[in-house]
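Chemist: Requesting a structural model of the entry that follows:
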Amino acid sequence: MHWYVIHCLTGHEEDVRSRVKEKDIARAVVPRRLMVERRQGGWQYVERVVFPGYVFVQAHMTPAAYYAMRNLPGVIRVLGTSRPVPLMGNEVTLFLKLCRDGDPLGLSEVFVKGGSVKVISGPLMGLEGHIVKLDARRFRAKVNISLMGEPRIVELAVSVIKKT
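Modeler: Just a heads-up that it's a prediction; the model follows:
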């Protein structure tokens, strides 16, 4: 069995995935990622599709399976020129890392305790220091910075620092 890609209408990925599963045509996967978005004045965790408009299927691509997939509502085509083309070995490896058995990809760990950072905006711009503590919920970091020749711990928004 090989992995193939179905191009579908954006926003219909989950419908196509469930229809492929219902008809028992193939194993279908829609990779997702976890993101933080600001809504109604607060931060919320939401799941988003990694590749909008695409569903990945693992199947024996017989003519019957191909036509069954192609004729599903919401499907535009199965990727390939005159016939479906399976993903290459390195593409499959990358794809399987993104899938993680249906679990969404987590948030990126950009900053770590003890990591070196530089202030990129505000009155402390240009100063460098080390992260002492992270508050992921409030998107803030306590950074040990040398001010007036003495080490001081300053609380900064994550948006005003960058990793060095």
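
Chemist: Other residues contacting stretch 23-36?
Modeler: Contacts to stretch 23-36, defined as Cβ atoms under 8 Å, 6 or more residues apart in numbering, come from residues 4, 6, 13-14, 16-17, 20-21, 43-51, 55-59, 65, 68-69, 72, 95, 98-99, 102, 104-107. For the C-beta atoms, the positions are set from N, CA and C on the backbone; glycine is no exception.

Chemist: give the contact list for residue 69.
Modeler: Counting by Cβ under 8 Å, 6+ apart, residue 69 makes contact with 6, 20, 25-26, 57, 59, 75, 78.

Chemist: make it 6 Å
Modeler: Residues in contact with residue 69 (Cβ atoms under 6 Å, 6 or more residues apart in numbering) are 25, 78.

Chemist: Residue 120 against residue 159, yeah?
Modeler: No - counting by Cβ atoms under 6 Å, residue 120 does not reach residue 159; the two are 8.8 Å apart.

Chemist: Pull the number of nearby residues for residue 75.
Modeler: Using other Cβ atoms under 10 Å, residue 75 has 20 neighbouring residues.

Chemist: what pLDDT does the residue lying closest to it once chain neighbours are set aside get?
Modeler: Once flanking residues are discounted, residue 75 sits nearest to residue 8: 5.2 Å by Cβ to Cβ, 6 or more residues apart in numbering. Residue 8 carries a pLDDT score of 96 in this model.
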